[in-house]
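Chemist: For reference, the sequence and a predicted model appear below.
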2 protein chains.
Amino acid sequence: MKIAVIGGGAIGLLVSAYLADHAQVTLYTRRKEQADQVREHGITLKRKKNVKKVKVDAKVLRLDEAFVHYELIVVAVKQYSIKDIIPYLMKAPKHTSVLFLQNGMSHVTLAKRLPQRTIYLGVVEHGAMKETDDVVTHSGVGITRVALFKGGDLISFQRFHSDVFAFMQENDWYEMLIQKLVVNAVINPLTALYRVNNGEIIHNSYFYKTAKAVFNELHAVLRLKDPTAYWNRVVDVCEKTAQNHSSMRKDLQQQRKTEVESILGYILEEAAKRQINTPIIHFVYNGILGLEDSGSEGR
Amino acid sequence: MKIAVIGGGAIGLLVSAYLADHAQVTLYTRRKEQADQVREHGITLKRKKNVKKVKVDAKVLRLDEAFVHYELIVVAVKQYSIKDIIPYLMKAPKHTSVLFLQNGMSHVTLAKRLPQRTIYLGVVEHGAMKETDDVVTHSGVGITRVALFKGGDLISFQRFHSDVFAFMQENDWYEMLIQKLVVNAVINPLTALYRVNNGEIIHNSYFYKTAKAVFNELHAVLRLKDPTAYWNRVVDVCEKTAQNHSSMRKDLQQQRKTEVESILGYILEEAAKRQINTPIIHFVYNGILGLEDSGSEGR
């Protein structure tokens, strides 16, 4: 089986390295240097004390790429890069399946426009850190949830399953994405704002209050069916990743753009549509955008 | 003229050093080491390239201190230490005047209980940084506003006036304190949360939006008579102290308790009394308390 993975970030590298145990993987990157590096040396996958080199083919993503012969294309770019990837996917074969692995919700609208018959949406609950262009650390073992978005359900993701890289089939893609969105919307911006690890959000009683306040506004907008279950999920993720730095915190540390648009920006759009007041989410959203602009971490 | 200054922090040292040009000043400190240091070496006052040594007497504040022979007692401790100072002032002569130099409003209630006939309230708009126990840097030249709170208006503060340490007599102590409170309530918590200098609050367009959001809640609670004038004051202070770190930011950097209780805590109490919803101020208040507890600056 041939799989194309688009995106040479932490998630793209991680997924490529693990899928390569079960399939013939080609990683598509934006920069030629990274493609050369991966093609020559493979991907180095670190997990605790294990270090493993995995052979993976790599190419620069070009406009003339037709993605022939692939059974599956995994889209592992950040939410805000999805727009740039769509033109490439438009040219890929209709019978090739596509799996999106983004945070937030806004990629769903773009996914609808694609010609491919079978599209999956997934959420990655692993911790991963890109060390260099060809080295990724699997810093937190979680699972990857996958749900069919449209089409014939051609691929059983169970075949890629392993103890440290598990897949779980979900029935309701909306519910799945919303759960991840709620977790991300609470943990990511607050850990980035306070510059603390995920655990402090629930172990510091004042931060806990602010997390609950953000959550209550999320609930008002999204009308969660079982809010207690959603909140428990937030707490659970904070506990399981207590020592980790969230992706948004890392993005600000490294003066990169964050995913705040696709997380809190989405919530604010929904809030506007439904005419629901969300002063705290609005405040936090502007705070993160301000920090992106000021690049003040570590001053 | 004999003046007692209570409090060996940045403001206590600054005020002692400048008043010593016009009066015989005794600085009362909490720690014996600081009193010894100041009594032996005087106070070193730094401003830009000027360095000046000022002779100032110093004592440890003791419960048997009767404050006899002083014409004026200047209370220059932080808002949250006012409670501890009241018992000492209760024993001071009734004819001695008292000048309070605190942020916030909560010291006003405590000042009412004092036996002294003449009480002034003041706000210090200088930037000052305590370097060591006997060295203070005058990092921003502003003014000290003074208003009579009760009594006979016995002291003309104009007599202590100098080009770099000016005094201004104000008629309405409430208006004066509220103006300072509004400036502090916007600038201090946000600069502490974002870890930026004062100028970024108005020069970063996203931070500006969050400052305006905090201000709007302040206005809803305090019902400011001329909100535009108050907002312009905030902008003006940000511009004039653009490169400075606010006291709250410095407090968190040095893992000290902040004045958030006497600033945002006061606003929240007023909001509760008047049943006004202030979600953003509440969020920011808990964020600052959380940062005090986590001591996360620089992690």
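Modeler: Looks like it arrived, so ask away.
Chemist: CA only for contacts and neighbour counts going forward, please
Modeler: Noted.
Chemist: Spell out which residues of chain A are next to chain B.
Modeler: Proximity of chain A to chain B, by C-alpha under 8 Å from any C-alpha of the partner chain, involves residues A:193-196, A:200, A:204-207, A:209-210, A:213, A:279-280, A:283, A:286-287, A:289-291, A:293-294, A:296-299.
Chemist: How many residues are close by the one residue in the stretch 101-250 of chain A that gets nearest to chain B?
Modeler: In the stretch 101-250 of chain A, the residue that lies nearest chain B is A:Y206 (4.8 Å; C-alpha to the nearest C-alpha). When neighbours are defined as other C-alpha atoms under 10 Å in any protein chain shown, A:Y206 has 23 of them.
Chemist: likewise A:Q275?
Modeler: Using other C-alpha under 10 Å, the number of residues around A:Q275 comes to 11.
Chemist: Wait, a strand at it?
Modeler: No: counting by DSSP: H, G, I helix; E, B strand; the rest coil, one finds A:Q275 to be coil, located in no strand.
Chemist: Can you tell me the closest non-neighbouring residue to A:G122?
Modeler: Once flanking residues are discounted, A:G122 sits nearest to A:V146: 4.2 Å by C-alpha to C-alpha, 6 or more residues apart in numbering or on different chains.
Chemist: The residue of the stretch 101-250 of chain A closest to chain B and B:G290 touch, don't they?
Modeler: Yes: using C-alpha atoms under 8 Å, A:Y206 is in contact with B:G290, at 4.8 Å.
Chemist: Helices of the stretch 151-299 of chain A, start to end?
Modeler: A:173-194, A:200-203, A:205-222, A:227-240, A:247-253, A:260, A:266-273, A:279-294 (DSSP state H, counting those that start in this stretch).
Chemist: Identify, out of the ones you listed, the most deeply packed stretch.
Modeler: Ranked by mean neighbour count under mean count of other C-alpha atoms under 10 Å in any protein chain shown, the helices of the stretch 151-299 of chain A are led by helix A:260, which reaches a mean of 24.
Chemist: What is that helix packed up against?
Modeler: helix A:279-294 (3 or more C-alpha pairs under 8 Å, 6 or more residues apart in numbering or on different chains; DSSP states H and E).
Chemist: State the mean pLDDT of the helix it packs on.
Modeler: The average pLDDT for helix A:279-294 rounds to 97.
Chemist: before we move on, what about stretch A:222-239?
Modeler: On average, stretch A:222-239 scores 96.
Chemist: Domains in chain A, by residue range?
Modeler: Split into domains by automatic domain parsing, chain A comes to A:2-171, A:176-294.
Chemist: State the phi and psi torsions of A:K150.
Modeler: phi -160, psi 160 (degrees, to the nearest 10).
Chemist: Could I get the pLDDT score of it?
Modeler: 95.
Chemist: contacting residues for it?
Modeler: Listed by C-alpha atoms under 8 Å, 6 or more residues apart in numbering or on different chains, the contact set of A:K150 reads A:117-120.
Chemist: If you rank those residues by neighbours, which is first?
Modeler: Neighbour-wise, the contacts of A:K150 (other C-alpha under 10 Å) top out at A:I119, 24 neighbours.
Chemist: Phi and psi next, for it.
Modeler: Backbone geometry at A:I119, expressed as degrees, to the nearest 10, gives phi -130, psi 130.
Chemist: gap between it and B:S97?
Modeler: Noted for A:I119: a distance of 79 Å to B:S97, by C-alpha to C-alpha, to the nearest Å.
Chemist: what's the span of stretch A:90-107, first residue to last?
Modeler: Stretch A:90-107: ends 15 Å apart by C-alpha to C-alpha.
Chemist: try stretch A:146-159
Modeler: Using C-alpha to C-alpha, one end of stretch A:146-159 lies 13 Å from the other.
Chemist: quick one: it to chain centroid distance?
Modeler: 18 Å (C-alpha atoms, centre = their mean, to the nearest Å).
Chemist: If you count neighbours, what's buried in it?
Modeler: A:146-149 (16 or more other C-alpha atoms under 10 Å in any protein chain shown).
Chemist: on that earlier part again, quick one: which of the helices of the stretch 151-299 of chain A is nearest A:T132?
Modeler: Proximity to A:T132 (C-alpha to C-alpha) singles out helix A:247-253 among the helices of the stretch 151-299 of chain A, at 14.8 Å.
Chemist: what's the pLDDT at A:D153?
Modeler: 80.
Chemist: Can you check what pLDDT the model gives the nearest residue in space to it that is not next to it in sequence?
Modeler: Spatial nearest neighbour of A:D153, chain neighbours left out: A:T118 (6.6 Å); criterion: C-alpha to C-alpha, 6+ apart. At A:T118, the model reports a pLDDT of 96.
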